[in-house]
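What shape does this take:
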Amino acid sequence: MKLYKITRLAHTLPNDDKLAPGRVEYAGTQADARKVRIAFEAPFKELKPKERPDVAVEEVDVPTDKAGLLAYLNHLVN
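So this is what the prediction gives:
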């Protein structure tokens, strides 16, 4: 099954010592992945593009058979 993994790395805000936590979310369609990417980028719109955290969208193939799915999930948590 093809899914889209959207990742925003942890990012220190300029002029501030606060760390914006990283986030990972999965989406089932490209349209949903785009919505998540836009939501991840929204809090940083006032920053210059070079100061914004990178948001990556990656297509991943998640196995649907039981053994493959268990292996995939175990890889995620380890």
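
What strand or helix carries Tyr72?
helix 66-77 (DSSP states H and E).

next one: that helix to chain centre, how far?
19 Å (C-alpha atoms, centre = their mean, to the nearest Å).

Next: stretch 25-39.
How far stretch 25-39 lies from its chain's middle: 9 Å, per C-alpha atoms, centre = their mean.

Now do it, average pLDDT.
Stretch 25-39 shows an average pLDDT of 97 in the prediction.

Mind listing what's buried along that stretch?
Of the residues in stretch 25-39, 27, 33, 36-37 count as buried by neighbour count, 16 or more other C-beta atoms under 10 Å. Glycine gets a C-beta too; all of them are placed from N, C-alpha and C.

circling back: pull the CA coordinates from the helix holding Tyr72 and hand them back as PDB.
Output of helix 66-77 as PDB, limited to C-alpha atoms (Å, rounded to 0.1, in the frame of the first residue of the first chain):
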ATOM      1  CA  LYS A  66       0.800  -9.600   8.400                       C
ATOM      2  CA  ALA A  67       4.500 -10.600   8.600                       C
ATOM      3  CA  GLY A  68       5.600  -7.600   6.400                       C
ATOM      4  CA  LEU A  69       3.400  -5.200   8.300                       C
ATOM      5  CA  LEU A  70       4.800  -6.300  11.700                       C
ATOM      6  CA  ALA A  71       8.400  -6.000  10.400                       C
ATOM      7  CA  TYR A  72       7.600  -2.500   9.100                       C
ATOM      8  CA  LEU A  73       6.000  -1.400  12.400                       C
ATOM      9  CA  ASN A  74       8.800  -2.900  14.400                       C
ATOM     10  CA  HIS A  75      11.400  -1.000  12.300                       C
ATOM     11  CA  LEU A  76       9.500   2.300  13.000                       C
ATOM     12  CA  VAL A  77       9.600   1.900  16.700                       C
END
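
No further questions, thank you.
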